[in-house]
Structure formats: structure tokens, C-alpha cells
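> Below: sequence and its predicted model.
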Amino acid sequence: MSAATAAHRHGSAGYAGPVSEPEHPAAEAPAPAPAVPEAPPPEEKTAPHRLRELADKAAKKRRRTTGAELLVRRPKSAEVRVPLDRTETTIGRDQRCDIVLTEEKASRRHARILRGDGGYFEIVDLGSRNGVVVDDERVERMTLMDGDRFVIGDTEFTIIVGPLPGVEP
């Protein structure tokens with residue numbers, strides 16, 4: 001290749017350096033394959049538009065197969081088991097509460113246990129004077145897991161969550 005050709009290729013008229021040619025001639029590119037229409041990708045089960053549907057389905061199944069109860073320990077009384085079979089269970093001194101406490105440290109409507117659509121339980125303090133205590137700390141709201149303990153006044157509650165008897169998970 002002449003210096004003028006090299007200068008033309010590199011955009012510099014004054015270039016005079018050697019230009020090496022490729023050692024092997026360029027291989028011919030294979031002919032393109034005939035166009036085949038691509039199949040659409042399979043729909044992913046966890047696609048964003050289906051997550052809510054899948055979560056709801058799992059929640060309904062969990063709710064049908066999971067039960068819970070409160071183990072209630074009061075001073076100078078035998079322990080009692082109370083099933084949590086409602087969407088909402090109230091605790092307090094008021095006779096209309098689902099779990100009635102007689103001690104002065106409990107407010108009339110002290111706390112509420114909610115069962116969510118997913119089968120989960122949550123305790124909510126209803127603005128009580130002495131609060132709901134977990135591990136020596138007052139909590140306003142807390143998700144309850146199997147074995148969690150909380151105290152209202154002098155009464156200790158333990159939640160027990162598990163499969164319903166006679167129901168296949």
C-alpha cells in the first residue's frame with residue numbers, strides 16, 4: 001500500500017507510516033438463516049400484574065389451614081386458652097370486650113388483635129394508659145408470630161399459631 005493510500009485511510013495527508021495488511025483474507029460471513037418467527041416468552045408466574053393474585057390465593061389457603069389461640073395467664077387464676085377465630089378480638093375491662101380483664105391496670109378497651117387477610121395476627125394498643133408490653137418495652141403495634149408474648153397489666157398472653165386440627169395444609 002502506498003503512503004498516499006495510507007494517509008487517505010487515516011485522514012491525515014502527511015501520514016507516511018507503514019500500514020500492515022491483514023495476514024488472512026477476510027472470511028466470508030455465512031448467509032443469514034431464514035427468519036423464523038420467535039415464540040413469545042412464557043409468562044412468568046411472578047409477573048408484577050399477577051403478584052397480588054398469587055398472594056391472595058396463598059393467603060386464603062393459609063387462612064383456611066391455620067388457626068391461632070391465646071394462652072392467657074392471670075395472677076391467681078388457672079391459665080385459659082382463647083381461640084382467635086374472628087377478624088378482630090378486643091381485650092380490656094369493658095364487658096363488651098372479647099377477653100375481659102378485671103385488673104385496674106387494664107383500660108376499658110385496651111388492645112385489639114387483628115387477623116389480616118394473609119392469616120397474620122397483629123396487636124394494636126388502643127391508646128391505653130399502661131400500654132401493651134413486649135420484652136419490657138411498650139409497643140403501639142406489633143405483628144404476632146407463634147410463641148410471641150405480651151403483657152397487659154399483670155396478665156401475660158402468648159399466641160400459639162399452627163395448623164387447624166384435621167385440616168390438610
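Everything's here; your move.
> Could you list the low-confidence segments of the protein?
Residue ranges of the chain with pLDDT under 70: 1-37, 41-52, 54-66, 164-169.
> Could you rerun that using 50?
In the predicted model of the chain, residues 2-14, 167, 169 satisfy pLDDT under 50.
> Strands of this protein, start to end?
Secondary structure of the chain, counting by DSSP state E: strands at 66-73, 80-83, 88-92, 99-100, 111-115, 121-125, 132-134, 137-139, 141-144, 149-152, 155-163.
> mind listing what the first one pairs with, with the direction of each?
So that's strand 66-73. Here strand 66-73 is paired, per DSSP bridges, with strand 80-83 (antiparallel), strand 155-163 (antiparallel).
> Please identify the deepest-packed of those strands.
Using mean count of other Cβ atoms under 10 Å, the stretch among the strands paired with strand 66-73 with the largest mean neighbour count is strand 155-163, at a mean of 16. The C-beta positions use only the backbone N, C-alpha and C, and glycine is treated the same way.
> who touches that one?
Here strand 155-163 makes contact (Cβ atoms under 8 Å, 6 or more residues apart in numbering) with 65-75, 81, 84, 91, 101, 103, 106, 121, 144-151, 169.
> Just the buried residues from those residues, in PyMOL please.
To isolate the buried subset of the contacts of strand 155-163 in PyMOL, counting by 16 or more other Cβ atoms under 10 Å, use the following:
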select buried, resi 66+67+68+69+70+72+73+74+84+91+101+106+121+144+148+150+151
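> Identify the residues contacting the residue nearest to E103 when sequence neighbours are not counted.
What sits nearest to E103 in space, not counting adjacent residues and going by Cβ to Cβ, 6 or more residues apart in numbering, is G153, at 4.4 Å. G153 is in contact with L101, E103, E104, K105, A106, N130, counting by Cβ under 8 Å, 6+ apart.
> Tell me how far G153 lies from R129.
10 Å (Cβ to Cβ, to the nearest Å).
> likewise I113?
19 Å.
> So for those two, which residue has more residues nearby?
Set I113 next to R129 and count neighbours by other Cβ atoms under 10 Å: I113 wins out with 24 against 9.
> Count the neighbours of the closest residue to that one other than its chain neighbours for me.
Spatial nearest neighbour of I113, excluding adjacent residues (Cβ to Cβ, 6+ apart): T89 at 4.5 Å. T89 has 21 neighbours, counted by other Cβ under 10 Å.
> wait, what's in contact with T89?
Each residue near T89 by Cβ under 8 Å, 6+ apart is listed here: L70, V82, D98, I99, R112, I113.
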